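K.L.:
From the sequence below, what's the structure:
(chains A and B)
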Protein chains: 2
Amino acid sequence: MKVCVLLSGGMDSVVAFHDALHSHEVVACLSFDYGSKHNAREIPFAKLHAERQRVPHQTIRLDFIDSLFQSDLLKSGGDIPDGHYAEESMKQTVVPFRNGIMLSVATGFAESIGADAVVIAAHSGDHAIYPDCREPYMQAMAEAIRQGTYASIQLLRPFIAMDKTAIVRRGVELGVDFADTWSCYKGGEIHCGTCGTCVERREAFLLAGLPDPTVYEQTPALPEIQ
Amino acid sequence: MKVCVLLSGGMDSVVAFHDALHSHEVVACLSFDYGSKHNAREIPFAKLHAERQRVPHQTIRLDFIDSLFQSDLLKSGGDIPDGHYAEESMKQTVVPFRNGIMLSVATGFAESIGADAVVIAAHSGDHAIYPDCREPYMQAMAEAIRQGTYASIQLLRPFIAMDKTAIVRRGVELGVDFADTWSCYKGGEIHCGTCGTCVERREAFLLAGLPDPTVYEQTPALPEIQ
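P.N.:
Sure, this is the predicted structure:
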């Protein structure tokens, strides 16, 4: 099956890309620059992985998100909160219907280039905060995508029932170098180690019992595991 | 209910806007400049209607569509075909998943500004060609939008069971001046009168038994009605 992969340059989508290379013909990877504080850090990794595998990569700019939407993830928003990923404070980093927008654009692009499916790396760890990562949303969106395209394009979500720890394990199986991925929402020179995504990243490696190659400004505090 | 209306500046969405003003609180109108040949003709009418009603209006640029998608509706595509709207040749003017993209962006924007619903003017006449105008698509998309937002945003499609003739009648009831709307896909100085959307526009007025205020370069040929 010809697939188009949503590739942000984060851990999950980089593993999803390598997983898709294993099972499908990946005809394109798409990154979205929507004005988040960390887009400039993560998208070069997306490009790098696509180039290494000689898969065409496109970065699509969605400038209207930063200028019109409310979210602290965006350059126009407030500071990124510190703390665990599942905490209530992380909700302020949600970009409203971001996955819906990215999936819709990817669907139109996929139909334009003759692809059969779109792959998204949404996983069970995202469910706590993001309504547009949960399976009831994905099921409805998959049906909308199938109904709304001539080619009856499919929405593949290979990690929807997996957590980030399982994704790390799958990535190691597939030979993914996680040093070439980016998580930190703050988008600084190196991973901060204190924001929710840094804590989540560290936790996934610890729970998987695998070495974390990330250089953090401050080692993420995870008292219940360490 | 606070609603955000997709307002292209075409006949259908201008009537949907006035219909929504009648039933809801319209908190914003959104137009999308996606690089079609006629965006520059229709969007000024969208702006005009919103301004007259003192409703905030935003034009959102989706430049990636013209540069990456395949469709003769786009500046990057081939010539707009002449003939009746329902003809096979009109399929080449379909922009893949365009409604999915516009609805997703509108949903994220609606959630950002605290709206409860998004309004789209899709109608039964669109069904022949556009998969992303049909009710099975709309039902799935409505569910995706509801599931994918904190506010459980609703997707309103007031004209889904109406044809364009009924929309013209509704517009006249609401006092809409159709001279201030644009249909022609060719996007010239005046309506061409030969493309599918001009033929469809003319046909709607004739079937409604109402005067057509449009100045056409060539009067649309509709032998079965005239």
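K.L.:
got the contact list for the residue nearest to A:R134 when sequence neighbours are not counted?
P.N.:
Of all residues not flanking A:R134 in the chain, A:H127 sits nearest, at 4.9 Å (Cβ to Cβ, 6 or more residues apart in numbering or on different chains). Just so you know, the C-beta spots here come from the backbone N, C-alpha and C atoms, and that holds for glycine as well. A:H127 makes contact with A:133-135, according to Cβ atoms under 8 Å, 6 or more residues apart in numbering or on different chains.
K.L.:
likewise A:A151?
P.N.:
By Cβ under 8 Å, 6+ apart, the contact list for A:A151 reads A:111, A:114, A:116.
K.L.:
Assumed it was part of a strand.
P.N.:
No - going by DSSP: H, G, I helix; E, B strand; the rest coil, the assignment for A:A151 is coil, not a strand.
K.L.:
of the contacts of A:H127, buried ones?
P.N.:
The neighbour-count test (16 or more other Cβ atoms under 10 Å in any protein chain shown) applied to the contacts of A:H127 identifies A:133-134 as buried.
K.L.:
what's the following helix or strand after the lengthiest strand in chain A?
P.N.:
Looking across chain A with DSSP state E, the single longest strand is strand A:25-33. Counting by DSSP states H and E, the next helix or strand C-terminal to strand A:25-33 is helix A:39-52.
K.L.:
tell me the mean pLDDT over the helix or strand that that next one is followed by?
P.N.:
Using DSSP H and E, the helix or strand that follows helix A:39-52 in sequence is strand A:57-61. Strand A:57-61 carries an average pLDDT of 98.
K.L.:
list the helices and strands strand A:57-61 packs on?
P.N.:
On a contact count with 3 or more Cβ pairs under 8 Å, 6 or more residues apart in numbering or on different chains; DSSP states H and E, strand A:57-61 meets strand A:25-33, helix A:39-52, helix A:98-113, helix B:63-68.
K.L.:
if we can go back for a sec, neighbour-wise, which one of the contacts of A:A151 leads?
P.N.:
Using other Cβ atoms under 10 Å in any protein chain shown as the neighbour criterion, A:E111 leads those with 26 neighbours.
K.L.:
is it true that that residue touches A:R146?
P.N.:
No - the pair A:E111 and A:R146 does not pass the contact test of Cβ atoms under 8 Å, sitting 11.5 Å apart.
K.L.:
anything in contact with each of those two?
P.N.:
A:I153.
K.L.:
helix, strand or coil for A:I160?
P.N.:
Strictly by three-state DSSP, A:I160 counts as coil.
K.L.:
what sits against it?
P.N.:
Counting by Cβ under 8 Å, 6+ apart, A:I160 touches A:122-124, A:135, A:138.
K.L.:
Could you rerun that using 6 Å?
P.N.:
For A:I160, the contacting residues are A:122, A:135, by Cβ atoms under 6 Å, 6 or more residues apart in numbering or on different chains.
K.L.:
go on, A:A115?
P.N.:
A:2, A:4, A:27.
K.L.:
and if we set it to 8 Å?
P.N.:
Here A:A115 is in contact with A:2-4, A:27-28, A:153 (Cβ under 8 Å, 6+ apart).
K.L.:
Also A:R157?
P.N.:
A:119-122, A:135, A:138, A:142.
K.L.:
Can you say which of those are buried?
P.N.:
A:119-122, A:138, A:142.
K.L.:
Tell me which of the contacts of A:R157 fall in strands.
P.N.:
Under the assignment DSSP E, the contacts of A:R157 contribute A:V119 to strands.
K.L.:
Excluding covalently adjacent residues, which one is nearest to the residue sitting furthest away from the middle of chain A?
P.N.:
Relative to the centre of chain A, and counting by Cα atoms, centre = their mean, the farthest-placed residue is A:Y150 at 27.1 Å. Leaving aside its chain neighbours, A:Y150 sits nearest to B:P131 (6.1 Å; criterion: Cβ to Cβ, 6+ apart).
K.L.:
Wait, that neighbour touches A:A144, no?
P.N.:
No - between B:P131 and A:A144 there is no contact under Cβ under 8 Å: 10.2 Å.
K.L.:
Those two: who's more crowded?
P.N.:
Between B:P131 and A:A144, A:A144 has the larger neighbour count (other Cβ under 10 Å), namely 31 against 22.
K.L.:
that older thread, now, the contacts of A:R157 that are in helices?
P.N.:
A:135, A:138, A:142 (DSSP state H).
K.L.:
How confident is the prediction for the nearest residue to the first one once chain neighbours are set aside, by pLDDT?
P.N.:
In this structure, A:E135 finds its nearest non-sequential neighbour in A:I160, 5.6 Å apart by Cβ to Cβ, 6+ apart. What the model reports as pLDDT for A:I160 is 94.
K.L.:
ok, A:I160 to A:A142 distance?
P.N.:
10 Å (Cβ to Cβ, to the nearest Å).
K.L.:
Over to A:Y34?
P.N.:
22 Å.
K.L.:
what do you get for A:M102?
P.N.:
Between A:M102 and A:A142 the computed distance is 14 Å (Cβ to Cβ).
K.L.:
likewise A:V26?
P.N.:
To A:A142, A:V26 is 19 Å away according to Cβ to Cβ.
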